[in-house]
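Novice: Build me a structure from this.
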Amino acid sequence: MFHRYTTPATASLLLRLALGVPFVVFGIGKFVDPISWMGYIPPWMTPLLPVPMGTFLAIIGATECILGALLLIGLWTRVAAVLTALHLIGIIIALGLNELAFRDAIMLVVCGFPGWHDP
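Specialist: As a prediction, this is how the structure comes out:
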């Protein structure tokens, strides 16, 4: 019944949406409410930051918006997926095991899903 709707192009679009939308939303959130996001930066990491916390979150937010937008429009999808995966690995390492790391681990699997990026 659903066979005609399950083409590789459809699967690719759904996976890009599933990864791109949250990245854009989380990126915008870092600009709209940076104070809330500061609580997710582990205390051990603060002295290692090369810039003030607010600037760091703005850079991360812009990066997430750009990567999410690239995934949504299907431009440089493989590069965006690899950079997104590296970003998610960094988040998982920095946060340790918690609910965000679990969410990001699932998103990381989506980044590496074979065959969904453009040729």
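Novice: tell me the SS of the residue nearest to Ile59 when sequence neighbours are not counted?
Specialist: The shortest distance from Ile59 to any non-neighbouring residue, by Cβ to Cβ, 6 or more residues apart in numbering, is to Val51 (7.3 Å). In short, each C-beta sits where N, CA and C put it, glycine included. The three-state label given to Val51 by DSSP: H, G, I helix; E, B strand; the rest coil is coil.
Novice: how many other residues sit next to Val51?
Specialist: 10 (other Cβ atoms under 10 Å).
Novice: contacting residues for the residue nearest the centre of the chain?
Specialist: Nearest residue to the geometric centre of the chain (Cα atoms, centre = their mean): Phe23, 4.5 Å. By Cβ atoms under 8 Å, 6 or more residues apart in numbering, the contact list for Phe23 reads 64-65, 67-68, 71, 84.
Novice: Which of the residues you listed has the largest number of neighbours?
Specialist: The most neighbours, when those are compared by other Cβ under 10 Å, belong to Leu71, which has 26 neighbours.
Novice: how far does whichever strand or helix holds Leu70 sit from the chain's center?
Specialist: Here Leu70, judged by DSSP states H and E, is contained in helix 53-73. Remark: helix 53-73 is offset 8 Å from the chain centroid, using Cα atoms, centre = their mean, to the nearest Å.
Novice: Check which residues of the helix or strand that it is followed by are buried.
Specialist: Counting by DSSP H and E, the element after helix 53-73 in chain order, helix or strand, is helix 77-95. With burial defined by 16 or more other Cβ atoms under 10 Å, the residues of helix 77-95 counted as buried are 77, 80-81, 83-85, 87-88, 91-92, 95.
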